[in-house]
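A.B. asks: how would this look folded up:
(2 chains)
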Amino acid sequence: AQKVTQAQTEISVVEKEDVTLDCVYETRDTTYYLFWYKQPPSGELVFLIRRNSFDEQNEISGRYSWNFQKSTSSFNFTITASQVVDSAVYFCALSEAKRSGFGNEKLTFGTGTRLTIIP
Amino acid sequence: DAGITQSPRHKVTETGTPVTLRCHQTENHRYMYWYRQDPGHGLRLIHYSYGVKDTDKGEVSDGYSVSRSKTEDFLLTLESATSSQTSVYFCAISESLTGGLVASKSTDTQYFGPGTRLTVL
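C.D. replies: The predicted model follows:
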């Protein structure tokens, strides 16, 4: 069975500090996808990034960066120079890649990390 | 914007009444999903559909049924609502691959609707 653990329930940092959100996953599949979603106070779920298990290259997008390490089954998310607009709940999620190639069918979510940026 | 709408956005109902939530998409995506979000649980999959009239159960399907009679609409029905079904319900869509194991960045990602807040008294 797949499992995603976000051990940090809540994090508060002062604006402009860097912050890392941890995500640890469990799966028996050798092919899978990892995701991060953001849920701002308005409630919608915003897709941030998708990574497949073949690609361990870290990614940077502006102030956001992601560190994928298969050896530790982790997919951590770092926000550099945090801003108040980064305040949200962040979800890490995992899906398996179907052997048939027909996409993923189920996302397993972590319980989320509530990030508060203090001005 | 993935062209997903959910209706109603808010609903208050009483225990024992039937409730139907609607998810509508405008971009002809094959896969559609229903999740519920509860504190301490993240999002959990209720049902999903991989085509018209093709549906399957998710992790928390008890007490829910779904129907998909046309590509653009995926309905979630609570036949007899209970207080434990008070939750925020999200619909999602994704596009399927047509071959190969590795998808491009633009496919195989689930995009979510705005959510429906359901309260069962």
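A.B. asks: which stretches of chain A have low pLDDT?
C.D. replies: Scanning chain A for pLDDT under 70 picks out A:97-105.
A.B. asks: Now do the buried residues in the helix or strand hosting A:Trp66.
C.D. replies: Assigned by DSSP states H and E, A:Trp66 belongs to strand A:64-69. Within strand A:64-69, the residues scored as buried using 16 or more other Cβ atoms under 10 Å in any protein chain shown are A:Tyr64, A:Ser65, A:Trp66, A:Asn67, A:Phe68. In short, each C-beta sits where N, CA and C put it, glycine included.
A.B. asks: ok, now stretch A:34-43?
C.D. replies: Buried-residue list, stretch A:34-43, by 16+ other Cβ under 10 Å: A:Leu34, A:Phe35, A:Trp36, A:Tyr37, A:Lys38, A:Gln39.
A.B. asks: Same question for stretch B:108-116.
C.D. replies: Buried, per 16+ other Cβ under 10 Å, within stretch B:108-116: B:Asp108, B:Thr109, B:Gln110, B:Tyr111, B:Phe112, B:Gly113, B:Gly115, B:Thr116.
A.B. asks: In TSV: the buried residues of stretch A:34-43, plus distance to chain B and secondary structure.
C.D. replies: Below are these laid out as TSV (distance: Cβ to the nearest Cβ, whole Å; DSSP: H, G, I helix; E, B strand; the rest coil):
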residue	distance to chain B	secondary structure
A:Leu34	11	strand
A:Phe35	7	strand
A:Trp36	11	strand
A:Tyr37	8	strand
A:Lys38	11	strand
A:Gln39	9	strand
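A.B. asks: would CSV of those residues with distance to B:Asp38 be doable?
C.D. replies: Formatted as CSV, the buried residues of stretch A:34-43 follow (distance: Cβ to Cβ, whole Å):
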residue, distance to B:Asp38
A:Leu34, 22
A:Phe35, 19
A:Trp36, 20
A:Tyr37, 16
A:Lys38, 19
A:Gln39, 13
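A.B. asks: between these, which is nearest B:Ser87?
C.D. replies: For the buried residues of stretch A:34-43, the closest approach to B:Ser87 (Cβ to Cβ) belongs to A:Gln39, at 14.4 Å.
A.B. asks: so that closest one bridges to which residues?
C.D. replies: In this structure, A:Gln39 bridges to A:Val89 when assessed by DSSP bridges.
A.B. asks: any idea how far B:Ser67 is from it?
C.D. replies: Using Cβ to Cβ, to the nearest Å, A:Gln39 is found at 28 Å from B:Ser67.
A.B. asks: rewinding a little: mind giving me the packing neighbours of the strand holding A:Trp66?
C.D. replies: Counting contacts by 3 or more Cβ pairs under 8 Å, 6 or more residues apart in numbering or on different chains; DSSP states H and E, strand A:64-69 packs against strand A:46-52, strand A:59-61, strand A:74-79.
A.B. asks: So which of these is nearest A:Leu107?
C.D. replies: strand A:46-52 (10.8 Å).
A.B. asks: Please point out which parts of that closest one sit buried.
C.D. replies: Using 16+ other Cβ under 10 Å as the test for burial, strand A:46-52 gives A:Phe47, A:Leu48, A:Ile49, A:Arg50, A:Arg51, A:Asn52.
A.B. asks: For A:Trp36, which non-adjacent residue is closest in space?
C.D. replies: A:Leu48 (4.3 Å; Cβ to Cβ, 6 or more residues apart in numbering or on different chains).
A.B. asks: Tell me who's in contact with that neighbour.
C.D. replies: A:Phe35, A:Trp36, A:Tyr37, A:Lys38, A:Tyr64, A:Phe77 (Cβ atoms under 8 Å, 6 or more residues apart in numbering or on different chains).
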